[in-house]
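S.K.: this one's sequence-less:
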């Protein structure tokens, strides 16, 4: 069972598809809620996750985590964006809505209030699709 080394962490998330702010709060030692406010060219997305954590490699400062959640946001029409090496065009403004998954590894830095994680975030877009996209991301959080 994971032992959360902090209660709440706030920071930045840098991804291959969108970047933003992240807030993670442990509701018990092995379960966390995470919220991400993400931005990408022409879009704004709010994502929420329910995550389970477990100790990785028998090292208390490392945790595997996985979870599921959902996202909602908006697209500004008549704008270009870069999506996985291809230019795309949003013809009209609209709603972004879908289901999300997450899996990753988090390191709570000993002796300082910092947590660093890498994750894989698959996202099923329902309002503009259906289509599936995936991104890797790095998050850095100040913990308290």
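M.R.: The structure has been received and is ready for your questions. The model shown is predicted, which means the values in this text are computed figures rather than measured ones.
S.K.: the bottom helix or strand of this protein by mean pLDDT?
M.R.: strand 79-83 (a mean of 57; mean pLDDT, DSSP states H and E).
S.K.: Just the pLDDT at residue 106, thanks.
M.R.: Residue 106 is assigned 97 on the pLDDT scale.
S.K.: Look up how far residue 123 lies from it.
M.R.: Residue 106 sits 20 Å away from residue 123, going by C-beta to C-beta, to the nearest Å. All C-beta atoms are positioned from the backbone trio N, CA, C, and that covers glycine.
S.K.: got it, and residue 68?
M.R.: Residue 68 is 11 Å from residue 123, by C-beta to C-beta.
S.K.: Tell me which of those two has more neighbours.
M.R.: Between residue 68 and residue 123, counting by other C-beta atoms under 10 Å, residue 123 is the more crowded of the two (23 against 13).
S.K.: Excluding sequence neighbours, find me the nearest residue to the more buried one.
M.R.: residue 100 (5.1 Å; C-beta to C-beta, 6 or more residues apart in numbering).
S.K.: Check that neighbour and give its pLDDT.
M.R.: 97.
S.K.: Go ahead and confirm residue 132 touches residue 126.
M.R.: No: with contact defined as C-beta atoms under 8 Å, residue 132 does not count as touching residue 126 (10.5 Å).
S.K.: Buried residues, stretch 100-115. List them.
M.R.: 100-102, 104, 106-108, 114-115 (16 or more other C-beta atoms under 10 Å).
S.K.: Give the helix, strand or coil label for the residue nearest the centre of the chain.
M.R.: For the chain, the residue nearest the mean C-alpha position is residue 36 (5.7 Å; C-alpha atoms, centre = their mean). Recorded secondary structure, residue 36: strand (DSSP: H, G, I helix; E, B strand; the rest coil).
S.K.: Appreciated, that's everything.
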